[in-house]
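**Q** Would you be able to build a 3D model of this:
(4 chains)
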There are 2 protein chains.
Amino acid sequence: MQRTNFAEMACSIARTLDVIGEPWSPLVLRDIWVGMNRFDQIQADLGISRKVLTERLGHLVEHGVLEKQAYDNRPRYEYVLTEKGRELVDILMVMAGWGDRWLAGEAGPPVLYRHHACGEIGRVDLRCSHCGEPMHADDVEVLPGPGAATQSASAG
Amino acid sequence: MQRTNFAEMACSIARTLDVIGEPWSPLVLRDIWVGMNRFDQIQADLGISRKVLTERLGHLVEHGVLEKQAYDNRPRYEYVLTEKGRELVDILMVMAGWGDRWLAGEAGPPVLYRHHACGEIGRVDLRCSHCGEPMHADDVEVLPGPGAATQSASAG
DNA sequence: ATTTGGGGTTCCTTCAAGGAACTCAGAGTG
DNA sequence: CACTCTGAGTTCCTTGAAGGAACCCCAAAT
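**A** As a prediction, the model looks like this:
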């Protein structure tokens, strides 16, 4: 899919999609985040084709969000998040928050997040890094930045 | 692509991906967010195939994140975000933040966000809804919630 | 010497993305 | 009235990615 090259667009959303926009990639990251670090674990948990999983892991390693580490003398490997990858998980937490709010239905959220700092079940909240007040779709004005393309559209 | 049905998984991330996980969907939402509301505008801006754009818009309307509104006596329509859709934009802002930080390079971020509340250029920051402290990948413990599947894996 | 198990490849089928051309409905123009 | 213009899609064909099952390789362990 995704034959159009999102990486070349002058849009940070498109560039991020170039890294995790392919099907399954966010779910692979989620599994690794919660401690499922081996190929067969992830494959069995998600039910993803082994071929596709190989491709996704390779892509994520290439982009520096995962590292492949040997854990045995035998050729055995596990995948761990880099710092770049751990920060990607922010996106997953916000996605989970939206899904919990709008798609969970009667049953309620499939998982809960206990915040280490306060020990309580919490949800992620988006706030302005500058003033600390809530920051959502309607709270911002979008302006061209230094890396804006001059000619083409698709800045973002 | 995505022939596997993410909607049925007991995972809010997977369910969210069922809504916006297909290629182009997040970029379509972004365009509408920044005020490009008509079919031909979006098509020209993104360079997406008209066929695919038709499919994506239909899917997003079906899932209640967009509304299709007539703006003329002629058969002319524009697409606007619902509340559900506006909250989806939170995900886009976090994606943009990650892309700005890790992929923008020398040129700097393509766009900047001015926060209405404080008037300054800001970045989104993830905080715990309970205590207000930062909340990231390593700051939480993931626990089964009320909607957790009992038998299968893929909770999240 | 044979089995086991993790970590992949290979190969084939099906279905989605890209892309260009075509359609349709209603307004504006001469 | 005929003609064109424009927005908003459809149709059709080609290419290529996802699904899936089978196969392979290597290094213990038995």
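**Q** Show me where chain A has its helices.
**A** Assigned by DSSP state H, chain A shows helices spanning A:12-20, A:25-33, A:39-46, A:50-62, A:83-103.
**Q** close to chain B, is the first one?
**A** Yep, that's helix A:12-20 we're talking about. Yes - residues of helix A:12-20 contacting chain B under Cβ under 8 Å from any Cβ of the partner chain: A:12-17, A:19. Bear in mind the C-beta positions are built from the backbone N, C-alpha and C, glycine included.
**Q** re the thing from before, format the helices of chain A as JSON lines; extra columns: mean neighbour count, distance to DNA strand D and mean pLDDT.
**A** Below are those laid out as JSON lines (neighbours: other Cβ atoms under 10 Å in any protein chain shown; distance: least, Cβ to the nearest atom of the strand, whole Å; pLDDT from 0 to 100):
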{"stretch": "helix A:12-20", "mean neighbour count": "25", "distance to DNA strand D": "12", "mean pLDDT": "97"}
{"stretch": "helix A:25-33", "mean neighbour count": "24", "distance to DNA strand D": "9", "mean pLDDT": "97"}
{"stretch": "helix A:39-46", "mean neighbour count": "17", "distance to DNA strand D": "9", "mean pLDDT": "96"}
{"stretch": "helix A:50-62", "mean neighbour count": "15", "distance to DNA strand D": "4", "mean pLDDT": "97"}
{"stretch": "helix A:83-103", "mean neighbour count": "22", "distance to DNA strand D": "18", "mean pLDDT": "98"}
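**Q** So for residue B:59, which of the ones you listed sits nearest?
**A** Closest to residue B:59 of the helices of chain A, according to Cβ to Cβ: helix A:83-103, at 14.4 Å.
**Q** residues touching residue A:125, list them.
**A** Counting by Cβ atoms under 8 Å, 6 or more residues apart in numbering or on different chains, residue A:125 makes contact with A:134, B:126-129, B:132, B:135.
**Q** If we use 10 Å, what do you get?
**A** A:94, A:97, A:134-136, B:90, B:124-130, B:132, B:135 (Cβ atoms under 10 Å, 6 or more residues apart in numbering or on different chains).
**Q** Of those, keep whichever come out buried.
**A** Buried members of those, counted by 16 or more other Cβ atoms under 10 Å in any protein chain shown: A:94, A:97, A:135, B:90, B:124-128, B:130, B:135.
**Q** so which of these comes closest to DNA strand D?
**A** Nearest to DNA strand D out of the buried ones among the contacts of residue A:125 is residue A:94 (Cβ to the nearest atom of the strand; 22.9 Å).
**Q** Counting only strands, which of the contacts of residue A:125 make the cut?
**A** Among the contacts of residue A:125, the residues falling in strands (DSSP state E) are B:124-128.
**Q** Format the residues you listed as CSV; extra columns: distance to residue B:80 and pLDDT.
**A** Shown next, in CSV, are the ones in strands among the contacts of residue A:125 (distance: Cβ to Cβ, whole Å; pLDDT from 0 to 100):
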residue, distance to residue B:80, pLDDT
B:124, 23, 97
B:125, 28, 97
B:126, 27, 98
B:127, 29, 97
B:128, 32, 97
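**Q** Much appreciated, bye for now.
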